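K.L.:
Fold the stuff below for me.
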Amino acid sequence: MSRARIVPISIPTPLPVGSVNVFLLASDPVTLVDAGLNTGEAFEVLKAAFKNEGLALSDLEQVLLTHTHIDHVGLLGRLRDYADFTVYAHPWAAHRSLNSEDQHEKARRFGLQIMRELGAPDDVAHKAAGEQHSFREFATDATVDKGLEDGEVIGPHTACHVPGHSALDMLFVDNAHRIAFTGDHLLPRITPNPLLRRPRAGQPRVKSLVQYRESLRKTHALDLDVCYPGHGEPIRNHRAVIESLLERQHKRNQRVLEILGGRRLSVYEVARQLFPRMDAKFTFLGLSSAAGHLEILEEEGRVVSEYEDGILCFRAV
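P.N.:
A predicted model of the protein is given here:
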């Protein structure tokens, strides 16, 4: 089977992460991997890319989502006005609106609750939650049509669940041609930040960075020549990238231990020292990083956690 022509499309965004990659697979069926951010400029860039390939938006037949963050799903709603296509993603996203008021409100409440629990002052937590809520303008009015189980095959691609950066992260692996679309799971020049996540009903909160490390080991075992990431250039040495990432995580773990010293500190206090210039826009990201490294150290038996007046604190052992 010949490989589909892969057309990388760099979609501009006003977000700190910069542009986001969308991949047009000019094949039968015509496929997009991810769908960019919901702005007029992004839509025009995507439309021009189709035209350059001799395609119309109406030719689009399916979309594969590596995950459901807004910079990867944003144009789905606009595309629905032009084409009849099927959207595939992680099973937890199936038949669920990607922009429901209920979900946004649950995310806002969780953000406030977890930031307070990790020691952020009320004014900081409210400001940070407001920053997160402001991203709603880039969301999409669309739904996911079908979920793909881990190992399920769609065309030449096998779905590979790799939770960590988000709960719904998936790789789309073409084993025959030794390529994979990796979304934000693996990036060439950016360290993906596994975010604090709202727990599923009746379950404890997942330790995102601990989970991410397990997923990285799963990806390390894959035989791949090229990975196409959600940001940046293609990765041609995925194992070296993963090993470098794990080494950076190890060094940050050591830095966290230095910060703790003989003290008991809240996650927010650790984050403030890890990221001295952290402002409201990046508070949730900073807390996610600090909590992740503390939870790895706890898994390794090097720190213990305890609550003090409702605030989660850690100390070295």
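K.L.:
Tell me which helix or strand the residue located most distally from the centre of the chain sits in.
P.N.:
When distances to the mean C-alpha position of the chain are computed (Cα atoms, centre = their mean), the maximum falls on residue 262, with 34.1 Å. Counting by DSSP states H and E, no helix or strand carries residue 262.
K.L.:
For residue 315, see how far away it is.
P.N.:
To residue 315, residue 262 is 8 Å away according to Cβ to Cβ, to the nearest Å. C-beta here means a position set from N, CA and C on the backbone, and glycine is covered the same way.
K.L.:
Torsion angles phi and psi at the closest residue to residue 267 other than its chain neighbours?
P.N.:
Of all residues not flanking residue 267 in the chain, residue 118 sits nearest, at 3.8 Å (Cβ to Cβ, 6 or more residues apart in numbering). Main-chain dihedrals, residue 118, degrees, to the nearest 10: phi -90, psi 0.
K.L.:
so what's residue 118 up against?
P.N.:
For residue 118, the residues meeting the contact criterion (Cβ atoms under 8 Å, 6 or more residues apart in numbering) are 266-268, 271, 287, 290-291, 311-312.
K.L.:
Using TSV, please lay out those together with pLDDT and distance to residue 72.
P.N.:
Converted to TSV, the contacts of residue 118 look like this (pLDDT from 0 to 100; distance: Cβ to Cβ, whole Å):
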residue	pLDDT	distance to residue 72
266	98	32
267	98	27
268	97	29
271	97	26
287	96	22
290	97	25
291	97	23
311	97	34
312	97	30
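K.L.:
From the contact counts, what lies against the helix or strand of the chain with the lowest mean pLDDT?
P.N.:
Here the helix or strand of the chain ranked lowest by mean pLDDT, DSSP states H and E is helix 122-134, holding a mean of 80. Counting contacts by 3 or more Cβ pairs under 8 Å, 6 or more residues apart in numbering; DSSP states H and E, helix 122-134 is packed against helix 101-117, helix 283-299.
K.L.:
Point out the most buried one among those helices.
P.N.:
With neighbours taken as mean count of other Cβ atoms under 10 Å, the helices and strands packed on helix 122-134 reach their highest mean count in helix 283-299, at a mean of 23.
K.L.:
buried stuff in the lengthiest helix in the chain?
P.N.:
Criterion DSSP state H: the longest helix present in the chain is helix 238-260. Going by neighbour count (16 or more other Cβ atoms under 10 Å), the buried part of helix 238-260 is 238, 241-242, 245, 249, 252-253, 256, 259-260.
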